[in-house]
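**Student:** next one to model:
(2 chains)
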There are 2 protein chains.
Amino acid sequence: MIGLVTGLMLLQAAGAMSSGDVRAAAEADADAWRTPDPENLVIMEFGGEQVLIELAPHFAPQTVENIRELTRSGYFDQTSIVRVQNNYVVQWGAEEEDVQDGTTGAAPNRGTARDRVPGELDRARADEDFTSIDQRDTYAPTVGFSHGFAAAQDGNEQWLAHCYGAVGVGRGDDVDGTDGSSLYVVTGHAPRHLDRNVAVVGRVLDGMDAFHDLPAGSGELGFYTAGETKLPLDDVRLASELPEAERPHVEVMRTDTALFRDWVDTRANRTRDGWFVRSAGAIDLCNIPVPVRFPDRDEGAN
Amino acid sequence: MIGLVTGLMLLQAAGAMSSGDVRAAAEADADAWRTPDPENLVIMEFGGEQVLIELAPHFAPQTVENIRELTRSGYFDQTSIVRVQNNYVVQWGAEEEDVQDGTTGAAPNRGTARDRVPGELDRARADEDFTSIDQRDTYAPTVGFSHGFAAAQDGNEQWLAHCYGAVGVGRGDDVDGTDGSSLYVVTGHAPRHLDRNVAVVGRVLDGMDAFHDLPAGSGELGFYTAGETKLPLDDVRLASELPEAERPHVEVMRTDTALFRDWVDTRANRTRDGWFVRSAGAIDLCNIPVPVRFPDRDEGAN
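**Tutor:** All right, here's what the predicted structure looks like:
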């Protein structure tokens, strides 16, 4: 990989590299990609669509373990999409009143899942686990990526950022009263003010369009009301529950490589495709998609 | 208004003010609102929904004048929604190939609209027209609001920001080849790298949900392909074309008042509703909705 990176750096020095160039280089470089642990890969089906979510155990280990247990036990299969608020979130799993009351633990099909898990809003700063993108950010002193997830840190702590596609845990007023039975995904402009107020537990790798196809709820904050039909979740499981041959073959671009830094640079300096007349010379953390590819399918999505 | 603002500042000093408090104070204060010029108010109907757009002549005077003429002449009434890309834009008006070729001037119902208007990507910095929000921003040295629109400036120039709801002008590679016949609205995370690459000419005041209801296009960049049905625009006109009694009665919160600065402050420091456990102490320019109200309807939207 050293030779490749050196080559890219020369291209960049000549001002000749584009996002497409980096993407093409990445396609040819197996080391630029990682395969998510099947224990961290949730396959969710509803309305004939399939969504893939990668969980983030490094940041929310207890909540992620509870989500795994709820998934394996069939908890989510008996739930629905409960909320669609345009440019904000889609939420599924436990009914809102149960989340508020902290009574989700009474539902069936929970296996050994705990009723309450401490709110895992951030963790101790771990520089060795963090690739800074060296960009000014409104909300945090330093932003970048950790284990493939958009993240931020200050002098003491590190946390995942509420970017488009981030998956978080619905909760009531009690920050330690969550159990992972209520989940939401960010579907619009990053609500970064939620950072460290809710545990981010993963991100959607594929299938975001399925959330955009859902009609907005008419209730407050986009919750569906009694008169509205909630779309049920048909099947939610971990990839690790499937025989190896049936697991989705998905790969995610590593975020701890020189190639990824080149990817960020070209996103920040888009001028080469003939259309841009002025490079921003900067890039918002949440405007950096981490590429995902499906070697069995095609050239990849995202 | 002085007395009111003083009262709010006392509340704030005591740490007692919330967004709801500011909104309530604003509702009682007629001076906190402005009524858009009917020459700047576009009423667009499609699929049984109505969208209101306020044009921004201070930033794109020639393009806005052309859009007014195209609207009055019935140009847009013969066009459709041509592109829906989730978390990015919905685009309408001229067909994409005509935008690329610069051949939109050949279409009928253009009145005296010009075929080409210079790209109005920014304007000379005008401090007296700018309310800074004093927030760190990834893309610009200073961000804030001007004439009610999210804006940014550097030492020399000032421009409108691509926030959710911003309306911009589709163009091909020629930056001076636009005529305002192709328009788009930002429907997701702010693509601020488009700032100063495209002219922003206004923003949606009401009706964003209508754009979210549209199915994504299956072509590249979300353009509809030959096999897909494009939803036609049923009626597009300026409020000034209607008798005064039939114009939408809409008011927009002024962005050049002490009350608006309080609004921004409370958005940046949300802790008081019992749910937030940590205030961000900051707010992204594009996470500050400028409130809109409809005195004839209800308590207002947005």
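
**Student:** mind showing which ranges of chain A have poor pLDDT?
**Tutor:** Scanning chain A for pLDDT under 70 picks out A:1-16, A:272-273, A:298-302.

**Student:** in it, which residue is closest to the centre?
**Tutor:** A:R203 (1.3 Å; Cα atoms, centre = their mean).

**Student:** number of nearby residues for A:L41?
**Tutor:** Other residues lying near A:L41 total 22 when counted by other Cβ atoms under 10 Å in any protein chain shown. Heads up, the C-betas are built off the backbone N, CA and C, glycines and all.

**Student:** which residues touch it?
**Tutor:** Counting by Cβ atoms under 8 Å, 6 or more residues apart in numbering or on different chains, A:L41 touches A:52-55, A:205, A:238-240, A:247-248, A:250.

**Student:** and if you look at A:T35?
**Tutor:** A:250-252.

**Student:** let me see the ranges of the helices in chain A.
**Tutor:** A:2-13, A:19-27, A:61-72, A:96-101, A:208-212, A:258-268 (DSSP state H).

**Student:** quick one: the last one to helix A:19-27, angle?
**Tutor:** Following axes from the mean of the first three to the mean of the last three Cα atoms, to 10 degrees, one obtains 160 degrees for the angle between helix A:258-268 and helix A:19-27.

**Student:** interface residues of the stretch 101-250 of chain A facing chain B?
**Tutor:** For the stretch 101-250 of chain A, the residues in contact with chain B (Cβ under 8 Å from any Cβ of the partner chain) are A:119, A:121, A:135-139, A:163-164, A:173, A:175, A:187-193, A:195-197, A:208-209, A:212-213, A:215-216.

**Student:** A:V264 and A:I133 touch, don't they?
**Tutor:** Yes - when contacts are counted by Cβ atoms under 8 Å, A:V264 is listed as touching A:I133 (5.2 Å).

**Student:** quick check: neighbours shared by those two?
**Tutor:** Joint contacts of A:V264 and A:I133 (Cβ under 8 Å, 6+ apart) are A:283, A:288.

**Student:** walk me through the domains of chain A.
**Tutor:** A:2-34+A:250-265+A:280-293, A:38-246 (automatic domain parsing).

**Student:** gap between the two ends of the longest one?
**Tutor:** Separation of the first and last residues of domain A:38-246 by Cα to Cα, to the nearest Å is 11 Å.

**Student:** can you pick the most crowded of the contacts of A:T35?
**Tutor:** A:V250 (22 neighbours).

**Student:** any idea how far it is from chain B?
**Tutor:** 20 Å (Cβ to the nearest Cβ, to the nearest Å).

**Student:** next one: A:D115
**Tutor:** Noted for A:D115: a distance of 20 Å to chain B, by Cβ to the nearest Cβ.

**Student:** what sits against that residue?
**Tutor:** By Cβ under 8 Å, 6+ apart, the neighbours of A:D115 are A:102, A:104-105, A:179.

**Student:** now do the same contact list for A:G281.
**Tutor:** A:268-269.

**Student:** let's see that with 10 Å instead.
**Tutor:** Shown in contact with A:G281 (Cβ atoms under 10 Å, 6 or more residues apart in numbering or on different chains): A:268-271, B:139, B:193.

**Student:** next: A:I53.
**Tutor:** Neighbour list for A:I53: A:36, A:40-44, A:67, A:165, A:167, A:183, A:185, A:201-207, A:236 [criterion: Cβ under 10 Å, 6+ apart].

**Student:** list the backbone torsions phi and psi for the residue in the stretch 1-150 of chain A that chain B sits nearest to.
**Tutor:** Shortest the stretch 1-150 of chain A-to-chain B distance, computed as Cβ to the nearest Cβ: residue-wise this is A:N86, at 4.3 Å. Torsion angles at A:N86 (phi, psi; degrees, to the nearest 10) stand at phi -60, psi 140.

**Student:** same check, this time on A:P289
**Tutor:** Backbone torsions of A:P289, given as degrees, to the nearest 10, read phi -70, psi 140.

**Student:** if we can go back for a sec, my guess is the residue of the stretch 1-150 of chain A closest to chain B meets B:G165, correct?
**Tutor:** No - assessed by Cβ atoms under 10 Å, A:N86 is found out of contact with B:G165, at 11.1 Å.

**Student:** any shared contact partners between these two?
**Tutor:** B:187, B:208, B:211.

**Student:** pretty sure the first one sits against B:Y88.
**Tutor:** When you say that, I think you mean B:T187. Yes - counting by Cβ under 10 Å, B:T187 does reach B:Y88; the two are 6.7 Å apart.

**Student:** return the residues in contact with A:E49.
**Tutor:** A:207, A:209-211, A:213-214, A:231, A:234.

**Student:** thinking again about what came up before, check the shared contacts of A:N86 and B:G165 against chain A, which are close?
**Tutor:** B:187, B:208, B:211 (Cβ under 10 Å from any Cβ of the partner chain).

**Student:** I'm done for today, thanks for sticking with me.
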